[in-house]
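>>> no sequence for this one, just the structure:
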């Protein structure tokens, strides 16, 4: 009995330690990408999460997975930001251990992060080849984290100061209201009434507490009409659609159907566009 309790205690302490390690690693990532203030907030939000507190307390294997994935991402960020390629070896080591701990799901978060980073750096190189230093350009991004991170990567690849850009709330993604965070493929089953209504008029349909494409277009138009010089903008798929709709004078039915490649740069000029 005593031995069993001792084993349980060791496991719980080890995985609680995993939670603490994940918080420290997360703070390290945030400090390198942003600043110390963001790092402290990141660790605080992480440690105050009810799910994290519970898993750390009862010793679930998921806590070990979180620690290993965070360690992998910490090594990856340091390897890229500090230009220390040898740390990529540790990235693959921790990603491998995460896979052993939880199966293929342990590999998905690091792999997804690498793919996103590769797409952003590739686009940054394209911009550098076309725009040169970009010193005379205006750089603006949606304030959502995925957009600001992408902009930081682009500017780093262009040889510019990473945080030398501004944000604009008008470039935020369309708000899906009561559909926010839900899986598209099952919406026709979970919310058939609203799904049919959207299918009937995609541009003007508005989810409860959210925005329609019409609302988004009105919001983004105020940004477009205020552009005074050549601009590099990082935003989202919905914004890309309504911007093209405005520049190309497309019909309401055409706008929601426009494709949004994730690995290309959209160049818009008066009355025309092209992908790079």
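On my side now, so go ahead. None of these values were measured; they are calculated from a predicted model.

>>> quick one: what helix or strand has residue 268 in it?
strand 266-269 (DSSP states H and E).

>>> And that strand, how far out from the chain middle?
Computed by C-alpha atoms, centre = their mean, to the nearest Å, the chain-centroid distance of strand 266-269 equals 23 Å.

>>> Pull out the buried positions in it.
266, 268 (16 or more other C-beta atoms under 10 Å). From N, CA and C alone the C-beta is placed, and that goes for glycine too.

>>> And stretch 140-151, by the same measure?
For stretch 140-151, the neighbour count (16+ other C-beta under 10 Å) marks 140, 141, 142, 144, 147, 148, 149, 150, 151 as buried.

>>> measure it end to end?
Using C-alpha to C-alpha, to the nearest Å, the end-to-end distance of stretch 140-151 comes out at 8 Å.

>>> can you pull the pLDDT of residue 241?
Residue 241 is assigned a pLDDT of 96 by the prediction.

>>> tell me the two of the buried residues of stretch 140-151 that are most distant?
Greatest spatial distance among the buried residues of stretch 140-151 (C-beta to C-beta): 140 and 149, at 14.7 Å.

>>> quick one: which of the buried residues of stretch 140-151 is nearest to residue 269?
residue 140 (17.4 Å).

>>> and that closest one, what helix or strand is that in?
Assigned by DSSP H and E, residue 140 falls in strand 138-141.

>>> if you average pLDDT over that strand, what comes out?
Mean per-residue pLDDT for strand 138-141: 95.

>>> Show me what it is in contact with.
Applying C-beta atoms under 8 Å, 6 or more residues apart in numbering, the contact partners of strand 138-141 are 147-148, 150-151, 155, 160, 164-168, 171, 227-235.

>>> My understanding was that residue 241 contacts residue 256; is that so?
Yes: at 6.4 Å, residue 241 and residue 256 qualify as touching, with contact defined as C-beta atoms under 8 Å.

>>> Neighbour count for the two, which is higher?
Neighbour count, other C-beta atoms under 10 Å: between residue 241 and residue 256, residue 241 has more, with 24 against 18.

>>> Spatially, what comes nearest to that one if we skip its sequence neighbours?
residue 258 (4.6 Å; C-beta to C-beta, 6 or more residues apart in numbering).

>>> count of residues packed around the one you found?
Residue 258 has 16 neighbours, counted by other C-beta under 10 Å.
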